[in-house]
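In: My questions concern the predicted model and sequence given below.
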Amino acid sequence: MSELAERSPLILVADDVPANVAALEEQLTTLGYRVVSAADGPGALAACQAQRPDLCILDVSMPPGSLECDARDTGFEVCRRLKRDPRTARIPVIFVTALNDTSDRVKAIEAGGDDFLTKPHNRQVLSARVRSLLRLKFATEALEESYARLRELEQVRDDLMKMIVHDLKTPLASVLASLEMVLDNDFGPITEPQRRALGDAESRAEELLTLIEDLLEVARIEETSLALERRPVAPGALFAEIMHEWGARFHRARATATAAASEDAPVFEADRALLKRVFGNLIQNAIMHGGEAVTLALSAEKDAGGGVLFTVADDGPGIPVEFHEAIFRKFERVRKADAPRVRSSGLGLTFCKLVVEAHGGRIWVESVEGKGSRFFIALPAGAGAPPAA
């Protein structure tokens with residue numbers, strides 16, 4: 001058999017009348033297809049499982065053999081079994097039968113058949129249906145193969161990213177330690193310009209360390225369920241810690257920040273460390289993208305569901321509506337042609353979303369371009385409570 005013939009589609013013809021099989025075989029062979037035949041239900045199933053044809057043409061009334069069904073329904077039973085088996089479920093099935101009742105067509109559809117023709121069939125119609133179903137099958141297989149390759153490439157990328165990130169963390173820790181020793185005058189006095197330059201280098205190294213931790217944390221959350229160390233958290237106390245820890249950064253960035261928790265804001269259960277990193281990412285984004293002297297306002301209040309609703313608002317450039325969902329996806333960033341370039345991994349908001357959802361909460365943004373942004377975090381008051389509406 002030639003290489004071209006081996007590559008041509010293989011079609012199964014199942015019919016208990018030899019003359020019908022011969023007629024279909026002659027037509028399909030003329031069209032360039034390879035043909036395998038069967039004379040009963042078990043034979044059709046065996047041929048499909050052994051040779052995996054690209055398409056099946058089934059008669060309905062055939063000897064059932066071991067299928068334990070009525071002879072009038074053998075083709076339907078064969079089709080049902082093919083569609084239930086993952087190995088043969090993608091094979092298109094055309095019923096070519098003398099039956100022409102509406103109930104028979106309904107049975108064909110319910111069995112998973114792809115087309116239904118009555119005998120004597122029109123040769124041109126059958127040829128067209130065969131070509132159409134084969135094109136659809138091959139296109140679907142090509143799409144699935146492309147998707148599988150894409151998933152493999154994504155896995156390779158993620159594995160490479162994690163390997164590189166792990167390798168970066170140790171030398172970066174050494175760099176930070178060395179910078180800290182120099183700034184503490186452990187190697188002798190330094191001038192004020194040198195101190196400013198080294199301080200800026202230390203800040204950038206700390207940003208890189210935060211990025212590495214975000215990468216590792218996002219990968220860990222995606223691969224396994226996040227184990228939360230839940231403890232009671234008071235919104236006012238949480239804000240006090242955040243304002244204290246970010247005070248120096250606010251001063252360097254000439255940012256104005258306020259925080260207020262209403263009297264009815266409830267104590268809730270959360271992983272305090274992870275939640276502080278969520279607020280840290282939101283504050284960091286506001287400072288990075290907000291321009292000079294950005295103003296930030298943090299607030300907390302009781303929401304309608306009895307949980308707590310946090311708001312982080314800024315007066316920065318805002319976010320176009322079409323990006324409101326995209327910014328929470330991994331590696332997604334808002335890109336504007338006239339905006340200054342900023343260092344951003346596109347992971348900060350992904351991390352925020354994963355952590356908030358692990359707490360049973362919800363995070364979203366409301367923003368109008370040119371009029372600032374408001375990020376909302378709704379968290380339930382107790383562990384395991386449903387997300388606030």
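Out: It's in.
In: Secondary structure element holding the nearest residue to residue 230 once chain neighbours are set aside?
Out: Here the nearest residue to residue 230 in space, its sequence neighbours aside, is residue 269; by C-beta to C-beta, 6 or more residues apart in numbering that works out to 4.4 Å. Every residue, glycine included, has its C-beta placed from N, CA and C. Taking DSSP states H and E as the criterion, residue 269 maps to strand 268-271.
In: on contacts alone, who are the packing partners of that strand?
Out: strand 230-233 (3 or more C-beta pairs under 8 Å, 6 or more residues apart in numbering; DSSP states H and E).
In: in its sheet, what does the strand it packs on sit against?
Out: strand 268-271 (antiparallel) (DSSP bridges).
In: Give the buried residues for the next helix-or-strand element following the strand it pairs with.
Out: With elements assigned by DSSP H and E, the helix or strand that comes after strand 268-271 is helix 272-289. Residues of helix 272-289 classed as buried: 272, 274-289 (neighbour count, 16 or more other C-beta atoms under 10 Å).
In: so where do the strands sit in the stretch 201-350 of the chain?
Out: For the stretch 201-350 of the chain, applying DSSP state E, counting those that start in this stretch gives strands covering 230-233, 256-261, 268-271, 295-302, 308-314.
In: Go ahead and confirm the residue nearest to residue 230 touches residue 234.
Out: No: using C-beta atoms under 8 Å, residue 269 is not in contact with residue 234; the gap is 11.2 Å.
In: quick one: contacts for the residue nearest to residue 230?
Out: Taking C-beta atoms under 8 Å, 6 or more residues apart in numbering, we find residue 269 in contact with 230-233, 381-383.
In: Among the residues you listed, the buried ones, what's the PyMOL command?
Out: To isolate the buried members of the contacts of residue 269 in PyMOL, using 16+ other C-beta under 10 Å:
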select buried, resi 233+381
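In: Quick one: the contacts of residue 269 as JSON lines, columns for pLDDT and distance to residue 111 too.
Out: Below are the contacts of residue 269 laid out as JSON lines (pLDDT from 0 to 100; distance: C-beta to C-beta, whole Å):
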{"residue": "230", "pLDDT": "91", "distance to residue 111": "52"}
{"residue": "231", "pLDDT": "92", "distance to residue 111": "58"}
{"residue": "232", "pLDDT": "93", "distance to residue 111": "59"}
{"residue": "233", "pLDDT": "94", "distance to residue 111": "58"}
{"residue": "381", "pLDDT": "84", "distance to residue 111": "53"}
{"residue": "382", "pLDDT": "73", "distance to residue 111": "50"}
{"residue": "383", "pLDDT": "57", "distance to residue 111": "49"}
